[in-house]
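*Asks:* sharing a sequence plus its predicted fold:
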Amino acid sequence: MNEINRRGLLGSAALGAGGLMALASTAQAASPGEGGIARNAEALPPGDKVVHREASEVDEMPNFKYSLDGSTPKITSGGWAKEATAHQFPISKGIAGVHMFLDPGASRELHWHAIAAEWAYVLEGQCQTFVIDPSGQREINNFGPGDLWYFPKGHGHAIQTIGDKPCHFILSFDNGAFSEHGTFSLTDWVSLTPKEMLAANFGVPADVFPKGETYIMAGPVLSAADAKDAPLPPAQSHKFSLDGMKAHETEGGSLRLATAQEFPISPGMSGGVMTIKAGAIREMHWHPNANEWHYYLRGTAQVGLFGSGGRGKVAEFKPGDVAYLPIGYGHAIRNVGKDDLEFVVTFDNGVYQEISLTEIMAASPRYLLSNNFGVPASTFARFSDKSGFIRMPT
């Protein structure tokens with residue numbers, strides 16, 4: 001969490017209950033050539049105090065909300081999966097997401113992803129994963145609620161439910177073009193391979209193999225006693241227990257976030273769970289190095305997104321919804337419900353970075369702020385510079 005403590009978890013949002021600051025738009029046009037050329041630039045008569053833009057000058061602000069759990073699931077004999085990729089959710093170019101449900105006795109078959117790494121957070125139940133890397137090193141891990149896994153791009157892996165209760169989890173992939181329904185599955189490959197080639201490769205009759213892709217396959221229940229794991233040392237392991245780490249807590253909520261520092265196998269993604277108390281706000285900020293993806297578990301959120309060029313949009317989120325906040329876009333998150341707001345959050349970078357608007361304004365000279373906003377410098381003495389990250393309104 002050093003990177004967070006160093007930069008991101010300082011400051012609090014000077015944001016009132018009315019939502020994000022209204023942003024005025026754009027610029028008075030000049031005639032071609034006015035203002036001089038190269039080193040011979042010259043002043044022009046003052047233009048409008050506030051810039052105004054024509055709607056045609058900028059792209060429309062994209063929709064950044066999608067109902068993952070409201071989408072149509074792919075159902076097979078052992079469970080189901082729902083996905084949110086750039087195909088269904090066009091803004092989500094950097095991260096795709098899946099909600100997967102495995103029945104007791106079911107397994108997500110052996111497969112790999114050619115264009116994306118996989119990050120997971122277990123919601124309910126127990127499961128076991130098997131993974132093998134290009135060197136032949138393999139690992140078997142058992143998972144329960146609050147645990148994470150990470151499988152690098154191209155590493156073969158499988159998932160199987162443990163015990164007599166179902167298991168479901170949230171998956172994130174560091175490529176929005178990825179489709180969970182178009183992955184490289186072992187049964188799919190075998191089904192498309194000539195029988196003679198299969199017989200030569202495996203030394204067994206080809207008719208022992210199933211026809212078609214099984215995807216999530218029903219099967220006999222695997223008891224906890226029979227689910228023997230074989231974990232690697234922590235520095236090499238594909239498993240991390242989020243509930244076992246210390247949360248960063250403030251007056252308004254908490255964040256448990258596993259970055260590559262805590263979870264070394266995961267250099268390309270960070271992720272965890274954020275809780276925001278009723279009435280509190282995750283301050284206005286942006287991430288210079290990563291896209292951000294949310295899956296909402298409980299509560300009601302209001303998210304304000306600033307997209308530059310006079311563009312801003314506010315949306316409300318409930319459980320089962322996902323949000324996508326592009327790299328560099330300013331945003332803030334308010335809990336507008338009566339209960340705690342909780343959501344899974346992932347970033348497509350193993351290093352966490354953020355820049356806080358409150359921190360910037362607290363550090364800036366008052367005369368600079370006075371000039372920027374066109375108000376007296378004394379105005380900013382009323383602004384909060386209290387460290388908060390997630391803060392309660394005063």
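*Replies:* Received the coordinates, thanks.
*Asks:* how many neighbours does residue 329 have?
*Replies:* 20 (other CB atoms under 10 Å). For glycine as for every other residue, the C-beta is placed from the backbone atoms N, C-alpha and C.
*Asks:* show me what contacts it?
*Replies:* 286, 305-308 (CB atoms under 8 Å, 6 or more residues apart in numbering).
*Asks:* gap between it and residue 116?
*Replies:* With distances taken as CB to CB, to the nearest Å, residue 329 is found 22 Å from residue 116.
*Asks:* ok, and the most crowded of the contacts of residue 329?
*Replies:* Greatest neighbour count in those, by other CB under 10 Å, goes to residue 305: 24 neighbours.
*Asks:* where does the prediction get shaky in this structure?
*Replies:* 1-29, 55-58, 180-181, 386-388 (pLDDT under 70).
*Asks:* can you show me the helices along the stretch 101-250 of the chain?
*Replies:* In the stretch 101-250 of the chain, the helices defined using DSSP state H, counting those that start in this stretch lie at 186-191, 195-202.
*Asks:* return the set of buried residues in the shortest one.
*Replies:* The one in question is helix 186-191. 186-188, 190 (16 or more other CB atoms under 10 Å).
*Asks:* out of those, which comes closest to residue 121?
*Replies:* Nearest to residue 121 among these, counting by CB to CB, is residue 186 at 24.8 Å.
*Asks:* check contacts around the nearest residue to that closest one once chain neighbours are set aside.
*Replies:* In space, and not counting its chain neighbours, residue 186 is closest to residue 110: 4.2 Å by CB to CB, 6 or more residues apart in numbering. Contacts here follow CB under 8 Å, 6+ apart; on that basis residue 110 touches 130, 156-158, 185-186.
*Asks:* residue 322 and residue 240, how far apart?
*Replies:* If you go by CB to CB, the gap between residue 322 and residue 240 works out to 22 Å.
*Asks:* more neighbours: these two, which one.
*Replies:* Higher neighbour count among residue 322 and residue 240: residue 322, with 27 against 22, using other CB under 10 Å.
*Asks:* which ones are touching that one?
*Replies:* The contact partners of residue 322, by CB under 8 Å, 6+ apart, come to 65-68, 84, 89, 92, 97, 293-296.
*Asks:* partner residues bridging the closest residue in space to residue 168 that isn't next to it in sequence?
*Replies:* By the measure of CB to CB, 6+ apart, the closest residue to residue 168 outside its immediate chain neighbours is residue 101, 4.2 Å from it. Residue 101 forms beta bridges with residue 80, residue 168, as assigned by DSSP bridges.
*Asks:* next up, the contacts around residue 101.
*Replies:* Residue 101 touches 79-81, 166-168, counting by CB under 8 Å, 6+ apart.
*Asks:* can we see that at 7 Å?
*Replies:* Residues counted as contacts of residue 101 (CB atoms under 7 Å, 6 or more residues apart in numbering) are 79-80, 166, 168.
*Asks:* and what of residue 273?
*Replies:* Counted by CB under 7 Å, 6+ apart, residue 273 has contacts 242, 256, 342, 344.
*Asks:* measure residue 59 to residue 381 for me?
*Replies:* Relative to residue 381, residue 59 is positioned 38 Å away (CB to CB).
*Asks:* and what of residue 277?
*Replies:* According to CB to CB, residue 277 stands 28 Å off from residue 381.
*Asks:* which helix or strand contains the closest residue to residue 303 other than its chain neighbours?
*Replies:* Using CB to CB, 6+ apart and skipping the chain neighbours, the partner closest in space to residue 303 is residue 333 (5.2 Å). Element membership of residue 333, judged by DSSP states H and E, is strand 330-335.
*Asks:* partners of that strand in the sheet?
*Replies:* If you go by DSSP bridges, strand 330-335 pairs up with strand 281-286 (antiparallel), strand 301-308 (antiparallel).
*Asks:* tell me what angle the next helix or strand after that strand forms with strand 281-286.
*Replies:* Heading C-terminal from strand 330-335, the first helix or strand you meet, by DSSP H and E, is strand 341-347. Inter-element angle recorded for strand 341-347 and strand 281-286: 20 degrees (by axes from the mean of the first three to the mean of the last three CA atoms, to 10 degrees).
*Asks:* so what strands line up beside strand 341-347?
*Replies:* According to DSSP bridges, strand 341-347 forms sheet pairs with strand 270-276 (antiparallel), strand 292-298 (antiparallel).
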